[in-house]
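Trainee: need a structure here:
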Amino acid sequence: MRAVERSSAEAEHRGVVQRLREGMAGGVLSFPLTSFGEDGGLDLESYRAYLTAQVATGPGAVFPACGTGEFSALDEDEYRAVVRTAVEVAGGRLPVVAGTGYGWAQAVRFARIAEEAGADALLVMPHYLVEAPQDGLVEQLRRIAGGTRLPLIAYQRGHVAFTAASVRRIAGIPGVIGLKDGHSDLDRLQRLTLAAPDGFLFFNGAATAEIQARAYATVGVPAYSSAVHAFAPEIADACFAALRDGDGTAVDALLRDFYIPLVELRDRSPGYAVSLVKAAARMRGLPVGPVRAPLVDPGPDDLADLEQVLDAGLGIVGAARRRGA
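Mentor: Have a look, this model is predicted:
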């Protein structure tokens with residue numbers, strides 16, 4: 001990359017970091033579902049309608065085609081359509097961070113598609129299948145960063161876990177701007193935040209991040225993604241506001257009567273972290289359709305329990321609104 005191009009890219013990356021930082025301070029990070037028809041095909045019209053409603057609630061940023069959006073189930077043409085639609089719906093009002101992943105070569109292919117579609121940044125999800133040493137994890141990011149102008153947020157989860165030394169190294173790769181953590185190992189995370197340079201972004205990426213949001217905040221990571229926002233933004237926003245305002249009573253009520261029962265239900269079956277979210281969205285009349293294999297939709301008993309959990313969460317938020325009216 002020529003010096004002029006490098007300088008321009010660095011300026012763009014600083015702008016994305018600033019927009020993300022501002023968004024993170026003002027709302028949860030939205031990870032929208034991807035709409036499929038009953039035949040399993042991508043339903044772009046329904047996706048646009050669903051995403052328009054998501055963006056209207058004012059999240060801090062939108063992350064299309066990531067884990068909740070079933071990135072691994074999308075082919076390249078579908079991915080292009082999903083990211084482009086998200087960019088169009090966002091309309092420059094909030095950052096759009098698209099998912100990418102697999103091995104570095106395939107990740108670069110998706111990265112370039114996202115770049116052409118107008119995304120602002122990329123979330124690099126854990127690579128496919130193989131475990132790797134720290135040098136390999138760093139090189140993976142280096143190669144992806146070298147293949148796109150878009151800034152990258154690394155996602156450590158599953159078999160990807162960076163050491164403090166590796167975080168210092170990836171923070172030195174041009175274009176790597178942050179780290180999303182899904183391990184919930186606060187001892188390790190504190191070491192990572194202290195090892196990173198000033199300005200490096202950190203995100204709470206636990207499976208149901210609100211449950212651990214207070215703990216993450218104690219090590220300097222208050223920003224989090226919210227799967228609940230994908231089907232009940234009013235619950236997600238109420239929890240975010242209570243955490244921001246230090247309203248422990250409100251947070252405890254939501255955790256005890258909504259989030260913890262939701263997690264207990266989620267843990268009944270592999271893949272429910274997405275399948276239950278999509279089922280809850282359908283319960284609310286949102287046009288998201290079924291999940292794609294290898295995920296499966298919940299059965300009748302789990303759906304009945306999900307409806308009770310959802311009603312409890314909505315009831316808490318509704319009661320709080322009536323008290324404040």
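Trainee: buried residues in the host helix or strand of residue 311?
Mentor: The secondary structure element spanning residue 311 is helix 300-324 (assigned by DSSP states H and E). Neighbour-count burial for helix 300-324 flags 302-303, 305-306, 309-310, 312-313, 316-317, 320 (criterion: 16 or more other CB atoms under 10 Å). Quick note: C-beta positions are derived from backbone N, CA and C, even for glycine.
Trainee: any weak-confidence spans in this structure?
Mentor: Counting by pLDDT under 70, the chain shows low-confidence ranges at 1-6, 325.
Trainee: redo the buried residues of helix 300-324 as TSV? Include distance to residue 96.
Mentor: Converted to TSV, those look like this (distance: CB to CB, whole Å):
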residue	distance to residue 96
302	32
303	32
305	34
306	29
309	30
310	28
312	33
313	27
316	31
317	27
320	31
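Trainee: now the strands for the stretch 201-325 of the chain?
Mentor: Along the stretch 201-325 of the chain, counting by DSSP state E, counting those that start in this stretch, strands occupy 201-204, 225-226.
Trainee: my read: residue 127 touches residue 106, true?
Mentor: No: in this structure, residue 127 sits apart from residue 106 without contact. The criterion is CB atoms under 8 Å, and the distance is 9.3 Å.
Trainee: chain center to the helix or strand containing residue 122, what's the gap?
Mentor: When secondary structure is defined using DSSP H and E, the element that contains residue 122 is strand 121-124. Mean C-alpha position of strand 121-124 versus that of the full chain (CA atoms, centre = their mean, to the nearest Å) differs by 10 Å.
Trainee: what strands flank that strand, and is each parallel or antiparallel?
Mentor: Here strand 121-124 has these sheet partners by DSSP bridges: strand 97-100 (parallel), strand 152-156 (parallel).
Trainee: quick one: contacts of it?
Mentor: Outside strand 121-124, the residues that touch it by CB atoms under 8 Å, 6 or more residues apart in numbering are 16, 20, 63, 66, 95-101, 107, 111, 114, 140-141, 144, 148, 150-155, 177, 180.
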